[in-house]
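# Got a predicted structure plus its sequence, pasted below:
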Amino acid sequence: MPEARPGPAASSSLWERDTEIADVVEAVKVLRADSSSSGSLLVFSGEAGIGKTALLAEARRIAEAHGCTVWSARGGETVTSVPFHVIRQLLQPAIVSLMPEEAREYLGDWYDIAGPALGIAEPGDRQADPQGVCDGLVAAVRRLAKREWPLVLIVDDAHWADQETLQWLAAFAERLDDLPVLVVVARRPGDVSGERARQLEAVAAGARPVVTLSALTPDATAGLTRATLGEHADAPFCREVWAVTGGNPYETVELLAKVQDSELEPVENAAAELRALNRSARGRGLVARLEGLGIDATRFAWAAAILGTGIGLDLAAQLAGMQHDEAVHCAELLGAARILTTTGPASRELSGGGDLEFVHPLIASAVYRSIPDALRTAMHGQAAWAVTESGRGAAAASRHLLEVHPDDDPELVDQMRDAAREHLAVGAPAAARRCLERALAEPPLPEVHARVLYELGCATLLTAPATTINHLRTALDQSGLDGDLRVDAVFRLSQALVHNDQLDEAVRTVDTETARLDPGPARMRLQAVHYMWEGIHAGENHVPGRSRSLAELVKTCTGRDNSERALLILRGFDAMTRGESAEEVVELCDRALVNGRLAPGLGWTDTEWGIELLMMLGSSYAYADRLDRAESLFSEALRSYTSAGWSGGHLALAHAFLGLAHRRRGRLRDAETALRESLRIAERVGRGLPLYWSATCGLVDTLLARGDVQEAWAIAEQYDFEPPYPSTIVLPDTRSVRGRLLLAVGRVKDGINELEAAEKAAAARGHHNTVMAPWAFDLARALASDDPARAAALATDARRQAERFGTDTAIGEALRCAAALESGQRAVRLAAQAVTYLEASPCQYEHAAARVEYGIAARSVSELGKGLTLARSCGADGLVARAEEVLATGRGLR
């Protein structure tokens, strides 16, 4: 069989890689063909030493030969805990080459969000949203790609990339359809677990199938041996090279280099010596080779292994305890021994201006593991001190402090708390959690212990509510949390319990702490939190007298502080859901504002109260026919979260509730757009959460209003819009919307059952707002034929409740329902009255529906025409079709 030889430009590690190289060439040519083309992702997988790094080096050479810009980075075994480490390698050189004003111009609004993660901008005062930072990094590369096209990104050893980089890479890979960038990734199979493993799988999902690199065949090994040692290498010797190395390209190349160094003749008689030579090239043999270079070189190599990647010569020298000239000499020795190499021109690197790196990750791992355990731990402590002294900050030093044994050191606890704050400020809560867990292990002083637990609970609130619950409960059981900090810890514990679907326990936790407090702002804050959690509870275990006690508490509130303002909002929301006077609802909500705006400390990105309270405020306005104020609030939420880079659950809810405002106004196209965006984000955050239900329910409701029943049903099926429902309130009412959907698809019996369940749930909670939960209107229409008496009773009671609430929308909708149950002139009169009320309402879809129904009942071309015009402006295609059909027949119209 002929020996498989690489192309003339290929390195010795690229034997039998023709197919993979061809894939790279093809991908580069496609990239260069059109700046508006889709991007692509190549993922190469293989065991250590299989030739991944050599293949990526060839990919770089090919890309640069075709005129591409290439940015590259690699993960490191000892730096997986450093957030954004790999993406900083990847992007920082390109961004740093820009002037500061150019970088800000290219990144635009994302500069302040992604800049801190990249190390080119100072973090802001508040905790960054991890999803927002991830989106900002995606946007950063998107914008830079337009400037640098054609752009190729290369990530080696992705299995050792940090979690934050992998989150970005997975998100970026999803967007390559409309982004002309080629991404080439190499990783080992396995070797990673947990969240990083999930992110790696998400990256691989975007690749045209992952290519698994195979070991060299005996023929290729023979060809490589003869290319390196000469054509006189005989067949038995070549076979033994393959047997010793297993066809591993790295081991093969290293072994052949050792053969050259030892001047061994490549013939059968010398083949027996190959195994000993191979051992000296790796593992303990490599360590022995290192030790043979002398104690100074060994100490310098150890220092480099402790520092990991991006090894600065001066910092390594400081850690090794030697002068600059000694360090240069050691680096040269290690370079000649193929242990260390430079990332640029040697003259520049060895002057201390650049970085060193290990020739291969296997060498780095072997050197690191050869350091005696106690010495390795001590060196990490020294590295932390050196990094801190160099001005790089607590976060940079923290990865070394994570490796230091606990020793009752208060200073280390302080350093790790500082590092956690730095990590949170750039959007790396997982790194913050590791630092605070390490601080707890030290352990902290008794007077500090509870505060560290509190900080750890806050850091894990959104990512691990169950863990947060344990930390905060332990903190509250200890001394050290007093005053406002203790109250805040109780509030955050209750938040975690709510997120963990333990709403009853959240209320009990708040009540227990409230009972300990004397009257004052702190007690009032927790009282407000109690009513907030009860207010969003969708269960049927309604607390008797709750609304009455809330109303009594609010009587003395003037809105002088945020606790009082919160109680006013909660009372307004409670009154709205119960269908009390809409005028009183608006008056209560208005008193919670300061000059018509949210009070300082009560804004959308303020964390003292959470998003739930302000959603209650906006919803109260929306269902009380003050859609101007609702839309203003929800638009402000969207702006606030977008500018702050909060692109997770908060942004999903902002889109959902803005969609609700559009739906109430009758802007059905805008509502559908907002709700689809909300659902897209909610899907990314995680199914089953309340925000996911809000987006799904709102979208189904909007699609039904548009008349697109088939799409509404498809959405419901795709996103599991069916029982069991969440334990928190969803707006609009889930059972009412699903009941209407079932009726629309012809499942009348199921629809009636769902609406009757909505009736039961509303009665149990005392929710009598016929607009927020419009089950009665649909149920009355569904029962009109088979049970007209009950249908009439439902319509009559709904009208009474609507008149109690008093909005034009509520009364108009009740009249529409009543008209649908009647015939003749009585139906015409009721339909005309519905038009009168809904014409004064801000809800244009309901007005359009009333006009069309009145036109049909009165057989009026004029009214049908008005209804048709309104329906078209709303985007109510189903209503348009109905009106056009009646007008087209023309029978009986005048």
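Cool, the structure landed.
# residue contacts, Asp109?
With contact taken as C-beta atoms under 8 Å, 6 or more residues apart in numbering, Asp109 is in contact with Thr642, Ser643. All C-beta atoms are positioned from the backbone trio N, CA, C, and that covers glycine.
# pretty sure it is in a helix, no?
Yes: counting by DSSP: H, G, I helix; E, B strand; the rest coil, Asp109 is part of a helix.
# From Thr556, how far out is it?
Between Asp109 and Thr556 the computed distance is 44 Å (C-beta to C-beta, to the nearest Å).
# Ok, Gly867 next?
Gly867 is 49 Å from Thr556, by C-beta to C-beta.
# how about the helices in the stretch 101-250 of the chain?
Assigned by DSSP state H, counting those that start in this stretch, the helices in the stretch 101-250 of the chain fall at 111-118, 130-148, 163-174, 194-205, 218-229, 235-245, 249-262.
# Would you format these as TSV with distance to Gln710 and mean neighbour count included?
Output for the helices of the stretch 101-250 of the chain, formatted as TSV (distance: least, C-beta to C-beta, whole Å; neighbours: other C-beta atoms under 10 Å):
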stretch	distance to Gln710	mean neighbour count
helix 111-118	39	25
helix 130-148	32	21
helix 163-174	28	24
helix 194-205	29	17
helix 218-229	58	21
helix 235-245	62	19
helix 249-262	56	21
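# Out of those helices, which gets nearest to Ala832?
Closest to Ala832 of the helices of the stretch 101-250 of the chain, according to C-beta to C-beta: helix 130-148, at 51.0 Å.
# Show me what that closest one packs onto, helices and strands only.
helix 85-96, helix 100-107, helix 111-118, strand 151-156, helix 163-174 (3 or more C-beta pairs under 8 Å, 6 or more residues apart in numbering; DSSP states H and E).
# tell me the average confidence for the first one?
Mean pLDDT, computed over helix 85-96, is 84.
# could you give the angle of that helix to helix 111-118?
Interaxial angle, helix 85-96 versus helix 111-118 (axes from the mean of the first three to the mean of the last three C-alpha atoms, to 10 degrees): 120 degrees.
# any weak-confidence spans in the chain?
For the chain, the stretches with pLDDT under 70 are 1-13, 280-285, 343-354, 462-463, 539-544, 892.
# Try it again at 50.
1-10, 345-353 (pLDDT under 50).
# Nearest residue to the middle of it?
Centroid-nearest residue in the chain, with C-alpha atoms, centre = their mean: Gln131, separated by 3.5 Å.
# one step back: okay if I get the helices and strands packed on helix 130-148 as CSV plus distance to Gly335?
Putting the helices and strands packed on helix 130-148 into CSV (distance: least, C-beta to C-beta, whole Å) gives the following:
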stretch, distance to Gly335
helix 85-96, 21
helix 100-107, 34
helix 111-118, 30
strand 151-156, 20
helix 163-174, 29
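# Ok, which of those comes nearest Arg525?
Ranking the helices and strands packed on helix 130-148 by proximity to Arg525 (C-beta to C-beta) places helix 111-118 first, at 30.4 Å.
# contacts for that closest one?
So helix 111-118 is in contact with 83-84, 87-88, 91-92, 95, 103-104, 107, 121-124, 128, 132-133, 135-137, 139-140, 164, 425-428, 644-645, going by C-beta under 8 Å, 6+ apart.
# Ok, stretch 373-390 next?
With C-beta under 8 Å, 6+ apart as the criterion, stretch 373-390 contacts 302-303, 306-307, 315, 318-319, 368, 371, 394, 396-398, 400-401, 403-405, 415.
# Just the buried residues from those, in ChimeraX please.
Here is the ChimeraX selection string for the buried members of those, based on 16 or more other C-beta atoms under 10 Å:
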select :302,303,306,307,315,318,319,368,371,394,396,397,398,400,401,403,404,415
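# Looking at the contacts of stretch 373-390, which are in helices?
302-303, 306-307, 315, 318-319, 368, 394, 396-398, 400-401, 415 (DSSP state H).
# of Gly867 and Thr556, who's got more company?
Using other C-beta atoms under 10 Å as the criterion, Gly867 and Thr556 rank with Gly867 on top: 29 against 9.
# how about the residue nearest to the centre of the chain, what does it touch?
For Gln131, the contact set (C-beta under 8 Å, 6+ apart) comprises Trp646, Ser647, Gly648, Arg684, Val685.
# Who are the packing partners of the helix or strand containing Ala802?
With elements taken from DSSP states H and E, the one containing Ala802 is helix 788-805. Applying 3+ C-beta pairs under 8 Å, 6+ apart, we find helix 788-805 packed against helix 775-783, helix 808-820.
# Now render these as TSV, adding distance to Ile21 and mean neighbour count.
Listed next are the helices and strands packed on helix 788-805 as TSV, based on distance: least, C-beta to C-beta, whole Å; neighbours: other C-beta under 10 Å:
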stretch	distance to Ile21	mean neighbour count
helix 775-783	64	24
helix 808-820	67	25
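# Minimum distance to Trp713: which of the ones you listed has it?
Closest approach to Trp713 among those (C-beta to C-beta): helix 775-783, 16.0 Å.
# tell me the angle that closest one makes with helix 808-820.
Using the same axes, to 10 degrees: helix 775-783 against helix 808-820 is 10 degrees.
# quick revisit: sitting in helices, which of the contacts of Gln131 do you find?
Per DSSP H, those map to helices at Arg684, Val685.
# farthest-separated two in the contacts of Gln131?
Maximum distance among the contacts of Gln131 (C-beta to C-beta): 13.2 Å, for Trp646 and Arg684.
# how many neighbours does Ala288 have?
12.
# Repeat that for Cys458.
24.
# quick one: secondary structure of it?
Put simply, Cys458 is helix when judged by three-state DSSP.
# now it, nearest residue through space, not along the chain?
Excluding its sequence neighbours, the residue lying closest to Cys458 (C-beta to C-beta, 6 or more residues apart in numbering) is Arg492, at 6.1 Å.
# That neighbour reaches Gly457, doesn't it?
Yes: contact criterion C-beta atoms under 8 Å: Arg492 and Gly457 qualify, at 6.2 Å.
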